[in-house]
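# Only the shape, not the letters, is given here:
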């Protein structure tokens, strides 16, 4: 089983480079004569189709591996034959939390790549898109599996660089502008993350997360140098997670990307390289303290509220979704912050576990329904030719499948029972109330109402009524796009219904990792 | 030496940050980002530095303990190489994007490159 873990990173990276190489091989049918050229022209599309199939197969293989790993018993993997004695080498850690994250990443990746089968037809050089897409997926798998800080940084950068290029993929003026802003802010954020990693290395002499965690109390967890490192790390990662006030790039970058990439960025990238990394650093490296708990809670609450208000005013469907991502990511971070607070103050462990469970479950759910909504916005944009809510209308009549799935997504994110979003928000609110944070629970409930309003607006303008404006000539989206939407809609419904078995199987081990009850799970070897 | 070099590195970081925040020209912003990159690389090299240290190459007949007491820390050097390569990739991407931006907007001024709003 252990041999499967590196494949999660290796398969996408290798396939990405193979795709570039294969797409550029001189075609066999390319002759010198006029007729030969025409033949080559006919052979090109079929070769690109074959490449797309290869990409789909790679992503599917990844999803299968991550599902197999979910139930498997895997230890730490030492890359390059380094012995585990001194925790020197590169280490991959496939613990409960990482298992959960790789399933989410590869699930959304598979659905996005199925969607892009038809959606990306309007772009040229689709193989470039596929190569970048695979790089991003592989790098995100790497981020969640990395057992040492520097590796995490490198994978963060690979994921980030490919996402910069993907946001600019259309090469239109607005896309370039959004990508450039994202690129500059993202790079500054990464630089600060590296500063934090460097300081931690200078203090402890180790990069291995578990070792650093072990040695930090020796240095003193509140020594100025540790706090400086923590500030650099938390600032950089909050920028990656688009927490308010570091969110300025997100509402430009996410809507500008092609729809499958918007789904990947909002659905998993801000979580894998932002929220997940924040949680990992705070809980498993720095060790929770009241300062970090306060920072997480404040970031969470502010993002939740500000994101919701900004989203309510939007008329652009994709922009609205992007702002709502900020708000929903706020829920997750707030839940983690309160859990850290409980751990520090010696509160009830089971309530802290409930907080973390709510946060992780919301992370999973948000990946499912936000990708679903972004994909349906892409399908609407392609078929109706507009992203403005007021120019749509009556799409239920014209695009029944897309509208139905879009409605499921909207109901899920708005927190309507029995969909998954209802349960995760309910768990978070109950956990906050049990933790004694009644004000925070009230704010979370208020934001849930705001989210409901936001998506009532979407339904009212885009789906209901008689077909008007751009919707009149809209047709149902191609089959592959509908398949992708239906897959995610099924996940949304099923996750809500299968709440309890999921908690035992998947979320329980992940909670243990963050709360540290199962011992030194982040890796490294106890001396 | 001592603390002064760290302060200089920090000043370099701040200069880069100033360039990113205060300048409105795309090229100057890119330069700011690169200066931040250099500052971070400097920091990485500095934490592995040892005065009068030897290069971290150990030969087969050498006593490892004695070597370790005299050598500079090799790990930050490996890290800084990786970081430089990442910085190169970023610089290439930034410049490519700047060229495309110029083609679309006909200017390098960030005040005029703002069609996105809300």
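Yep, it's here. Values in this document were obtained by computation on a predicted structure and should not be read as measured data. Residues are numbered from 1 along each chain as shown, chains lettered A, B, ... in the order given.

# okay but residue A:362 is in contact with residue A:334, surely?
No. With contacts counted by CB atoms under 8 Å, residue A:362 stays clear of residue A:334, the gap being 9.9 Å. (C-beta placed from N, C-alpha, C; glycine too.)

# residues touching the residue most central in space within chain A, list them.
Central residue of chain A (CA atoms, centre = their mean): residue A:268, 1.1 Å from the mean position. Taking CB atoms under 8 Å, 6 or more residues apart in numbering or on different chains, we find residue A:268 in contact with A:104-105, A:108-109, A:140, A:367, A:371.

# what pLDDT does it get?
Looking at residue A:268, its pLDDT reads 94.

# Correct me if wrong, but it is in a helix.
Yes. Membership of residue A:268 in a helix is supported by DSSP: H, G, I helix; E, B strand; the rest coil.

# coming back round to it: which neighbours do residue A:362 and residue A:334 share?
residue A:428.

# For the lengthiest helix in chain B, name the packing helices and strands.
For chain B, the longest helix by residue count, based on DSSP state H, is helix B:74-105. On a contact count with 3 or more CB pairs under 8 Å, 6 or more residues apart in numbering or on different chains; DSSP states H and E, helix B:74-105 meets helix A:149-167, helix A:173-204, helix B:26-47.

# Count the neighbours of the closest residue to residue B:110 other than its chain neighbours for me.
Closest residue in space to residue B:110, ignoring its immediate chain neighbours: residue B:24 at 4.6 Å, by CB to CB, 6 or more residues apart in numbering or on different chains. Number of residues near residue B:24 (other CB atoms under 10 Å in any protein chain shown) recorded here: 12.

# Could you give the number of residues near the closest residue to residue B:77 other than its chain neighbours?
Setting aside the residues directly before and after it, residue B:77 is nearest to residue B:48 in space (CB to CB, 6+ apart), at 6.1 Å. Using other CB under 10 Å, residue B:48 has 21 other residues around it.

# Show me what counts as buried in stretch A:494-501.
A:495-496, A:499 (16 or more other CB atoms under 10 Å in any protein chain shown).

# likewise stretch A:71-87?
Within stretch A:71-87, the residues that qualify as buried are A:74, A:76-78, A:87, counting by 16+ other CB under 10 Å.

# Run the chain-centre distance for the helix-or-strand element of chain B with minimal mean pLDDT.
Lowest mean confidence among the helices and strands of chain B (mean pLDDT, DSSP states H and E): helix B:64-70, at a mean of 81. From the chain centre to the centre of helix B:64-70 is a distance of 30 Å (CA atoms, centre = their mean, to the nearest Å).

# which residues are contacting that helix?
With CB under 8 Å, 6+ apart as the test, helix B:64-70 has contacts from B:53-54, B:58.

# Over to stretch A:375-384?
A:111-112, A:115, A:119, A:122, A:258-260, A:262-263, A:317-318, A:321, A:386-387, A:391-392, A:395, A:398-399, A:402-403, A:405-406, A:409, A:462, A:470-471, A:473-477, A:481-482, A:484-485, A:488.

# give the contact list for the residue in the stretch 401-527 of chain A that chain B sits nearest to.
Nearest residue of the stretch 401-527 of chain A to chain B: residue A:454, at 14.4 Å (CB to the nearest CB). For residue A:454, the contacting residues are A:308, A:311-312, A:320, A:324, A:414, by CB under 8 Å, 6+ apart.

# next one: residue B:27
B:98, B:108.

# Check what pLDDT it gets.
For residue B:27, the pLDDT comes out at 95.

# Pull out the buried residues from the contacts of stretch A:375-384.
Buried members of these, counted by 16+ other CB under 10 Å: A:111-112, A:115, A:119, A:258-260, A:262-263, A:317-318, A:321, A:386-387, A:391-392, A:395, A:398-399, A:402-403, A:405-406, A:409, A:462, A:470-471, A:474, A:477, A:481-482, A:484-485, A:488.

# Tell me how far the spatially most central residue of chain B lies from chain A.
The structure's chain B has its C-alpha centroid closest to residue B:37; by CA atoms, centre = their mean the separation is 2.1 Å. Distance of residue B:37 to chain A, computed by CB to the nearest CB, to the nearest Å: 6 Å.

# Find me whatever residue is spatially closest to residue 101, sequence neighbours aside.
You didn't pick a chain, so chain A it is. residue A:144 (4.0 Å).

# Chain B, not that one
In this structure, residue B:101 finds its nearest non-sequential neighbour in residue A:176, 5.2 Å apart by CB to CB, 6+ apart.

# can you count the residues close to that neighbour?
Look at residue A:176: counted by other CB under 10 Å, it has 25 neighbours.

# Check residue B:12 too.
The tally of other residues near residue B:12 (other CB under 10 Å) stands at 17.

# In space, what's closest to it - neighbours in sequence excluded?
Nearest non-adjacent residue to residue B:12, counting by CB to CB, 6+ apart: residue B:39, 4.0 Å away.

# low pLDDT regions in chain A?
Filtered on pLDDT under 70, chain A yields the residue ranges A:27-44, A:83-87, A:469, A:517-527.

# Spell out which residues of it are next to chain B.
Contact residues (CB under 8 Å from any CB of the partner chain) of chain A with chain B: A:150, A:154, A:157, A:161, A:164-165, A:168, A:171-174, A:176-180, A:183-184, A:187-188, A:191, A:194-195, A:198, A:201-202, A:207, A:251-252, A:256, A:313-314, A:316, A:319.

# Can you tell me which of those are classed as buried?
Going by neighbour count (16+ other CB under 10 Å), those have A:150, A:154, A:157, A:161, A:164-165, A:168, A:173-174, A:176-180, A:183-184, A:187-188, A:191, A:194-195, A:198, A:201-202, A:207, A:251-252, A:256, A:314, A:316, A:319 buried.

# Residue A:459 is in contact with residue A:409, isn't it?
No. Using CB under 8 Å, residue A:459 makes no contact with residue A:409, being 10.6 Å away.

# Show me the common contact partners of these two, please.
Overlap of the contact sets of residue A:459 and residue A:409 (by CB under 8 Å, 6+ apart) is empty.
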